[in-house]
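Participant: just coords:
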């Protein structure tokens with residue numbers, strides 16, 4: 001096994017260009033076509049040159065391939081993979097085909113998004129030569145995604161229905177592109193699905209647009225909200241000042257370049273460094289608190305430097321054991337990772353992937369690049385989750401143990417024998433030191449930050465497996481400029497999404513039904529594995545587990561405090577009984593050889609120890625936010641169930657636009673849940689149980 005297979009995968013440098021524009025004269029006159037082609041070549045070459053420059057400047061962030069000669073000598077040196085360009089086009093006559101052909105001639109891949117099924121799509125090309133030109137491009141395309149557009153709806157509105165089909169193709173094209181080339185005269189939209197409407201949508205979505213006017217094709221310009229300090233929330237073309245094409249390199253860098261490494265991001269801290277921080281924390285009040293919650297987000301280099309953790313140690317098993325102790329899960333469940341990340345995830349995704357429709361390169365990318373990227377984000381999130389949660393569980397219960405050791409000093413056998421007293425003090429010092437050591441390690445290693453970052457990344461990557469099958473962008477959004485504070489998570493998720501082509505498929509009833517089943521109706525013998533049902537099942541189990549933990553921790557915390565009350569009553573009863581014996585009761589209760597003396601000592605022990613136990617249970621309950629997370633999971637489960645019910649009710653009339661809308665609604669619900677969870681969890685950094 002090579003080192004690369006045990007670390008998170010690096011994305012390839014991929015840039016995607018969508019195209020829209022006029023079809024035929026007079027809006028795109030034949031005399032302007034040669035100049036349009038020259039300008040389009042300038043744009044494509046400038047984009048690729050900028051992409052290659054970004055890839056060279058940030059080689060650490062992008063995938064590499066072993067050099068052939070070096071590989072023969074079994075060395076591990078590697079060279080960067082070349083940047084990849086992809087044209088996303090509907091291949092309409094005119095602008096679409098011009099840019100697609102030029103891109104193919106320069107080694108770019110072509111992903112075609114067609115508005116109608118194959119035979120219906122050919123009706124747009126009645127001339128045999130035009131149809132032959134279309135099929136020549138389709139034969140060279142990497143993927144051909146035929147949408148389910150129709151020309152009629154049974155009411156004879158052929159023109160209106162066709163325009164809606166062109167609009168749908170334009171929307172899918174935009175969702176899968178990073179930059180839009182628009183060969184557009186700047187006139188108002190003539191109707192649905194036209195060039196003006198697609199440009200307007202791209203601008204509003206924050207997509208960079210290269211505008212090539214047919215009237216003056218040698219004078220292209222750039223339109224992008226990223227050039228504005230504070231663009232309108234829904235920007236329009238007239239809101240933006242056209243910029244020169246020379247800034248295209250800056251645009252590509254903003255799209256492809258990884259975020260700058262935080263100035264104060266955690267470097268690897270060796271044992272000596274941790275020991276120095278540990279010693280400092282012993283003599284500097286609050287020293288541990290300066291690390292952890294206030295540290296910047298995890299850096300990309302930190303994530304790419306992670307490795308598979310195939311065995312959980314003592315600390316990682318504390319939280320699962322706490323759940324098992326209170327009956328919220330079985331002992332041994334989820335507290336030991338023994339399989340490689342990719343293999344484990346592939347087994348979990350097997351039923352889902354077998355349900356997905358065949359989509360060639362798209363499905364291949366889902367089952368390879370996306371699966372592997374998700375596997376590492378997900379499993380590393382689990383690992384740091386258990387480290388962080390294990391740290392706070394161990395910290396609270398070890399602190400409770402330290403209190404018990406201190407209380408043992410009131411027992412005569414311990415108090416009157418100096419050696420026993422010294423051993424108890426030594427044990428308590430060891431426990432306190434070990435708690436401090438856990439906090440130092442967790443703060444230095446950023447367990448809390450890494451858990452939140454990797455969990456967020458995993459929840460951005462996982463729904464891509466179903467979103468890509470309908471050509472949807474999903475929750476990753478678009479960069480609105482070079483934002484140094486954005487962090488690596490969105491950058492990495494976008495980079496992985498760029499590696500997934502559009503489906504090579506016809507969106508007919510069979511395809512849409514397969515997508516629907518993968519989204520909401522795919523099960524194994526043990527549990528549902530579809531995108532939505534799997535999440536419903538997860539939240540259902542979460543509601544049950546968190547409910548059990550919240551009730552039982554509250555119950556036993558309550559019992560601990562009430563037992564303290566009962567112990568106090570017993571002591572007072574004994575006190576009254578001894579007082580009734582006469583004047584000798586006070587002397588007898590001071591004699592270690594009497595029952596009264598031991599009643600007094602044990603009363604002190606339990607009346608201090610039981611409240612400490614109750615406080616520990618209450619602190620664990622508050623730190624874990626069991627009740628709040630249970631309520632949030634309940635809301636998410638109910639919202640997803642509504643989406644699933646709607647999808648099931650519509651299964652007899654498959655429709656790509658409606659199915660895509662349902663899937664995106666479900667993903668929005670999941671992202672809302674993620675945002676709520678992050679808001680709760682960020683407020684609980686790793687800290688001493690004080």
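Facilitator: The structure has been received and is ready for your questions. The structure displayed is predicted, hence computed values, not measured ones.

Participant: helices along the stretch 451-600 of the chain, start to end?
Facilitator: 464-467, 488-498, 509-520, 531-579, 585-588, 595-624 (DSSP state H, counting those that start in this stretch).

Participant: can you tell me which of these is nearest to residue 178?
Facilitator: Closest to residue 178 of the helices of the stretch 451-600 of the chain, according to CB to CB: helix 488-498, at 7.1 Å. For every residue, glycine as well, the C-beta is placed using N, CA and C.

Participant: so which residue is dead centre in this structure?
Facilitator: Centroid-nearest residue in the chain: residue 457, 2.3 Å away (criterion: CA atoms, centre = their mean).

Participant: and residue 184, what does it touch?
Facilitator: Residue 184 makes contact with 20, 21, 22, 195, 196, 199, 211, 212, 213, 214, according to CB atoms under 8 Å, 6 or more residues apart in numbering.

Participant: give me the neighbour count for the fifth one.
Facilitator: The tally of other residues near residue 196 (other CB atoms under 10 Å) stands at 18.

Participant: could I get the helices of the stretch 451-600 of the chain as TSV with mean neighbour count, distance to residue 96 and mean pLDDT?
Facilitator: Formatted as TSV, the helices of the stretch 451-600 of the chain follow (neighbours: other CB atoms under 10 Å; distance: least, CB to CB, whole Å; pLDDT from 0 to 100):
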stretch	mean neighbour count	distance to residue 96	mean pLDDT
helix 464-467	24	24	96
helix 488-498	23	21	95
helix 509-520	21	23	93
helix 531-579	17	32	88
helix 585-588	13	101	62
helix 595-624	18	55	84
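
Participant: with respect to residue 45, which of those helices lies nearest?
Facilitator: Comparison of those against residue 45 by CB to CB identifies helix 488-498 as nearest, at 19.5 Å.

Participant: what's that closest one in contact with?
Facilitator: 11-12, 14-16, 86, 178, 256, 258-259, 297-300, 303, 369-370, 373, 453, 456-457, 460-461, 464, 468, 473-474, 476-477, 479.

Participant: wait, the residue nearest to the centre of the chain sits on residue 377?
Facilitator: Yes. If you go by CB atoms under 8 Å, residue 457 and residue 377 touch, sitting 4.2 Å apart.

Participant: low pLDDT regions in this structure?
Facilitator: Low-confidence segments of the chain, defined by pLDDT under 70: 1-3, 65-79, 153-160, 189-193, 263-296, 331-337, 412-416, 482-485, 581-593, 690.

Participant: just the strands in it please.
Facilitator: 14-21, 64-66, 78-80, 84-89, 109-114, 143-146, 179-183, 209-212, 221-223, 505-506 (DSSP state E).

Participant: packing partners for the first one?
Facilitator: For strand 14-21, the helices and strands in contact under the criterion 3 or more CB pairs under 8 Å, 6 or more residues apart in numbering; DSSP states H and E are helix 33-57, strand 84-89, helix 95-105, helix 158-175, strand 179-183, helix 195-204, helix 248-256, helix 488-498.

Participant: thought residue 49 was touching residue 249?
Facilitator: Yes. Here residue 49 reaches residue 249: they are 7.5 Å apart, a contact under CB under 8 Å.

Participant: so what sits against both of these two?
Facilitator: With CB under 8 Å, 6+ apart, residue 49 and residue 249 have no common neighbours.

Participant: tell me the contacts of the nearest residue to residue 613 once chain neighbours are set aside?
Facilitator: Once flanking residues are discounted, residue 613 sits nearest to residue 560: 4.6 Å by CB to CB, 6 or more residues apart in numbering. Shown in contact with residue 560 (CB under 8 Å, 6+ apart): 610, 611, 613, 614, 617.

Participant: quick check: the second one touching residue 563?
Facilitator: No. Counting by CB under 8 Å, residue 611 stays clear of residue 563, with 9.5 Å between them.

Participant: burial measure for the closest residue to residue 20 other than its chain neighbours, as a count.
Facilitator: Nearest residue to residue 20 in three dimensions, chain neighbours excluded: residue 198, at 4.4 Å (CB to CB, 6+ apart). Residues contacting residue 198 under the criterion other CB under 10 Å number 27.

Participant: right, and residue 198 touches residue 181 too?
Facilitator: No. In this structure residue 198 lies outside contact range of residue 181 using CB under 8 Å: 11.2 Å.

Participant: any common contacting residues for these two?
Facilitator: residue 20.

Participant: check the gap between residue 448 and residue 454 for me.
Facilitator: The spacing between residue 448 and residue 454, counted by CB to CB, to the nearest Å, is 11 Å.

Participant: who touches both of those two?
Facilitator: Common neighbours of residue 448 and residue 454, counting by CB under 8 Å, 6+ apart, are residue 384.

Participant: for residue 397, which non-adjacent residue is closest in space?
Facilitator: Residue 397 sits nearest to residue 616 (CB to CB, 6+ apart), 6.3 Å away.

Participant: got a list of what residue 386 touches?
Facilitator: For residue 386, the contacting residues are 312, 315, 316, 317, 319, 320, 335, by CB under 8 Å, 6+ apart.

Participant: which one among those gets closest to residue 528?
Facilitator: Distances from residue 528 to those, taken by CB to CB, are shortest for residue 320, at 23.0 Å.

Participant: gap between the closest one and residue 312?
Facilitator: 9 Å.

Participant: what's the answer for residue 517, then?
Facilitator: 35 Å.

Participant: next: residue 481.
Facilitator: For residue 481, the distance to residue 312 equals 42 Å [CB to CB].

Participant: out of these two, which sits in the more crowded spot?
Facilitator: Using other CB under 10 Å, the more surrounded residue of residue 481 and residue 312 is residue 312, with 19 against 16.

Participant: re the thing from before, how about the helices and strands packed on strand 14-21, which one is nearest residue 665?
Facilitator: Of all the helices and strands packed on strand 14-21, helix 158-175 comes closest under CB to CB, at 15.5 Å.

Participant: same for the closest one, what does it pack against?
Facilitator: Counting contacts by 3+ CB pairs under 8 Å, 6+ apart, helix 158-175 is packed against strand 14-21, strand 109-114, helix 195-204.

Participant: what about that helix, distance to the chain center?
Facilitator: 31 Å (CA atoms, centre = their mean, to the nearest Å).

Participant: what's next to it, contact-wise?
Facilitator: 18-20, 88-90, 92, 113-116, 145, 147, 149-153, 180, 191-194, 197-198, 201-202, 205, 207, 471-473, 502, 656-657.

Participant: just the buried ones among those, please.
Facilitator: Burial by neighbour count, judged by 16 or more other CB atoms under 10 Å, picks out 18-20, 88-90, 92, 113-116, 145, 147, 149-151, 180, 192-194, 197-198, 201-202, 205, 207, 471-473, 502, 656-657 from the contacts of helix 158-175.

Participant: wait, what's in contact with the closest residue to residue 394 other than its chain neighbours?
Facilitator: Nearest non-adjacent residue to residue 394, counting by CB to CB, 6+ apart: residue 318, 4.9 Å away. Residues near residue 318 by CB under 8 Å, 6+ apart: 389, 390, 391, 393, 394.

Participant: same check, this time on residue 101
Facilitator: Residue 101 is in contact with residue 137, counting by CB under 8 Å, 6+ apart.
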